[in-house]
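> with the sequence up front, the predicted model follows.
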Amino acid sequence: MSMINLSQTRLIRHSLPRRLLHNHSGVVSIALFFILCCVVFSSITGNFLSSANWMNIIRQSAPLLIVATAMTLVITTGGIDLSVGSTLALVGALSAVALNSWGLPWPVVLLGGLLLGGLVGAINGFFIAYEGIPAFIVTLATLAVVRGIALLITQGYSIPIPADSLFSFMGRAWVLGVPMPALIGVIILIAGHIVLNHMRFGRYVTAIGANSEGARRSGINTKAVTMKVYIISGMAAALAGMIITARLGSGSSNQGEGFELQVIAAVVLGGTSLFGGFGTIIGTLLGALSIAIIQNGLILSHISPFYTQIATGTIILLAIWLNTRILNPMRPRGKG
């Protein structure tokens, strides 16, 4: 019996790393890719690993981390939200107008911005969950409408916020040596991880993405959960917009152009399935940081900005291909 127990123990020990690699291959692959990027850029540029540069990376990537956390929930349900960049711009610009022209107190502006972002998300969620229109079409339409409203409000100009407003602390303050945007981003990430992995709502989100009809038959209010996910996404985009406005000291309707593509890339790069049914906040964190360090490293390498987008997109495509085809060959592949 002792020899049998010993062999079983050895078998368990050998199979445990394999199970972990199989179940979390997306996170493992993006972690390896993240480390590889750090090694490459640290060897090319002398100040890549400096604390000042990393603080800059974390501060600038905070809005991406915040929205990518919410987008992880959206994509886990099998949906997508293309309107986050436009929502970011509208709330950021309108916050500047409210502070500068209307003279509203910053707490009112902050609360109003979150409510406005939630309203945009509720509109998306209503047409997607209750009217059955594909998420791609709905959010593509709201992308155009919301960006147009932002342009109409600002007339294309950048609106400054008062220099003495406490609103700017949200984007410029430091707490215990950590930038305030980064601190907010970490709090959102932790909350997103708890919701997705340790709460009933997160289990509902995963179940809807895996089998929406099966989830509905099991008693889950799939329409309400889906709508809540888009409301969360809209509020996250609003928060990110206000943080950017506070950091830059002005709001503009041009903020967040192409932002939704970076967010989706960070989520998918982190291992969340575009087909729904599986999401990982830790992977999203690594995906967002990978995109941030790629952009930062290319700039420090003095590569022309005209090549930065090409290089970033190519590296992301190769990383996702590596994830889906080599490191995780059992994951469902797209048809076509």
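Cool, the structure landed.

> how about the helices in the chain?
Assigned helices in the chain, in chain order: 2-23, 25-44, 51-76, 84-100, 106-125, 135-154, 169-172, 180-198, 200-210, 212-217, 222-248, 259-269, 281-300, 305-321 (criterion: DSSP state H).

> which of those helices sits most buried?
helix 84-100 (a mean of 28; mean count of other C-beta atoms under 10 Å). Just so you know, the C-beta spots here come from the backbone N, C-alpha and C atoms, and that holds for glycine as well.

> helices and strands around that helix, which ones?
helix 51-76, helix 106-125, helix 135-154, strand 159-160, helix 222-248, strand 250-251, helix 259-269 (3 or more C-beta pairs under 8 Å, 6 or more residues apart in numbering; DSSP states H and E).

> what is the burial count for residue 276?
22 (other C-beta atoms under 10 Å).

> and it, how close does it get to residue 127?
Distance from residue 276 to residue 127, counting by C-beta to C-beta, to the nearest Å: 18 Å.

> same check on residue 256?
22 Å.

> geometric centre of this protein: which residue is closest?
Of all residues in the chain, the one closest to the mean position by C-alpha atoms, centre = their mean is residue 68, 0.8 Å from it.

> right, and that residue touches residue 265 too?
No: between residue 68 and residue 265 there is no contact under C-beta atoms under 8 Å: 9.0 Å.

> so what sits against both of these two?
Overlap of the contact sets of residue 68 and residue 265 (by C-beta atoms under 8 Å, 6 or more residues apart in numbering) consists of residue 287.

> residue contacts, the closest residue to residue 236 other than its chain neighbours?
Counting by C-beta to C-beta, 6 or more residues apart in numbering, residue 236 lies nearest to residue 70, which is 3.7 Å off, once chain neighbours are set aside. By C-beta under 8 Å, 6+ apart, residue 70 lies in contact with 192, 229, 232, 233, 235, 236, 237.

> and if you look at residue 170?
Residue 170 sits in contact with 110, 180, 181, 184, 242, 243, 246, where contact means C-beta under 8 Å, 6+ apart.

> and the first one, how close does it get to residue 61?
Meaning residue 110. 21 Å.

> one more: residue 186?
Taking C-beta to C-beta, one finds residue 186 at 11 Å from residue 61.

> cool, residue 97 as well?
27 Å.

> residue 249 reaches residue 168, doesn't it?
Yes: Residue 249 is in contact with residue 168 according to C-beta under 8 Å; the separation is 6.4 Å.

> so which of those two has more stuff around it?
The neighbour comparison of residue 249 against residue 168 (other C-beta under 10 Å) goes to residue 168, with 20 against 17.

> and the gap between that one and residue 129?
Distance from residue 168 to residue 129, by C-beta to C-beta: 37 Å.

> same check on residue 59?
35 Å.

> do the same with residue 85
Residue 85 is 22 Å from residue 129, by C-beta to C-beta.

> ok, residue 100 next?
For residue 100 relative to residue 129 (C-beta to C-beta), the value is 37 Å.

> ok so, going back, which residues touch the residue nearest to the centre of the chain?
Per C-beta under 8 Å, 6+ apart, neighbours of residue 68: 263, 266, 267, 270, 284, 287, 288.

> and the pLDDT for it?
Residue 68 carries a pLDDT value of 96.

> not counting sequence-adjacent ones, nearest residue to it?
The nearest residue in space to residue 68 (C-beta to C-beta, 6+ apart) is residue 266, at 4.4 Å.

> go ahead and confirm that neighbour touches residue 284.
Yes: the criterion here is C-beta under 8 Å, and residue 266 meets it with residue 284 at 6.0 Å.

> quickly list what's touching both of those two.
68, 71.

> surely residue 45 and residue 297 touch.
Yes: under the criterion of C-beta under 8 Å, residue 45 makes contact with residue 297 at 6.8 Å.

> where in this structure is pLDDT low?
1-25, 316, 319-320, 322-336 (pLDDT under 70).

> mind running it again at 80?
1-27, 29, 46, 304-309, 311-313, 315-336 (pLDDT under 80).

> from residue 321, how far out is residue 298?
20 Å.

> do residue 180 as well
For residue 180 relative to residue 321 (C-beta to C-beta), the value is 37 Å.

> what does residue 222 give?
For residue 222 relative to residue 321 (C-beta to C-beta), the value is 32 Å.

> what's the answer for residue 97, then?
44 Å.

> that older thread, more neighbours: residue 256 and residue 127, which one.
With neighbours defined as other C-beta under 10 Å, residue 256 and residue 127 compare such that residue 256 has more, 27 against 20.

> quick check, that one in contact with residue 89.
Yes: counting by C-beta under 8 Å, residue 256 touches residue 89, with 4.6 Å between them.
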